[in-house]
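Q: Kindly generate the corresponding structure for this input.
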Amino acid sequence: MRKLDKNLLTGQVPTFLGNLSSLQILSFGHNNFTGPFPAELGNLINLQKLYVDSCGASGEIPSSFAYLRNLKEVWAMDNNFTGILPGFIGGWTSMQDLLQAFKPHSNGFARPQVETTPI
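A: Numbering: from 1, shown residues only. Have a look, this model is predicted:
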């Protein structure tokens with residue numbers, strides 16, 4: 001577990017976090033980061049829980065996040081994400097708690113592009 005939340009961290013989210021490949025829980029919410037998440041976070045293929053609520057992130061979700069297939073829980077509300085909610089989140093088949101996870105901020109996401117299979 002890497003817990004960096006509520007530390008008043010600034011600047012961009014550090015790319016070196018993507019090197020922690022065995023990491024299962026990453027928490028850096030409630031900080032003052034700027035800019036988008038680094039694509040390197042997509043290297044965290046063992047990540048199960050991601051808590052980035054109110055961290056100051058903006059921009060689009062990197063396409064490399066498609067590799068985070070072991071995610072079970074994501075909290076990412078109250079950020080400044082833009083673009084379309086990525087369709088690859090439909091591949092996060094272990095997800096248990098994503099409801100309102102990518103709750104749009106003032107500009108927010110356009111309509112989700114998640115593919116579903118009828119039952």
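Q: For the rest of this, base every contact and every neighbour count on C-alpha atoms.
A: Will do.
Q: so residue 50 is in which element?
A: Mapping residue 50 onto the secondary structure by DSSP states H and E places it in strand 49-51.
Q: in the chain, which segments are predicted with low confidence?
A: Within the chain, the set of residues satisfying pLDDT under 70 comprises 1-2, 98-119.
Q: which residue ranges form the strands in it?
A: Counting by DSSP state E, the chain has strands at residues 2-3, 10-11, 25-27, 32-33, 49-51, 58-59, 73-75, 80-81.
Q: Check which helices and strands the fourth one sits against.
A: So the one you mean is strand 32-33. Other helices and strands packing on strand 32-33, by 3 or more CA pairs under 8 Å, 6 or more residues apart in numbering; DSSP states H and E, are strand 10-11.
Q: What is the strand it packs on packed up against?
A: With contacts defined as 3+ CA pairs under 8 Å, 6+ apart, the packing partners of strand 10-11 are strand 32-33.
Q: hang on, residue 57 packs against residue 81?
A: Yes: using CA atoms under 8 Å, residue 57 is in contact with residue 81, at 7.0 Å.
Q: deepest of the strands of the chain, which one?
A: Stretch with highest mean neighbour count among the strands of the chain: strand 80-81 (a mean of 25; mean count of other CA atoms under 10 Å).
Q: Many thanks, have a good one.
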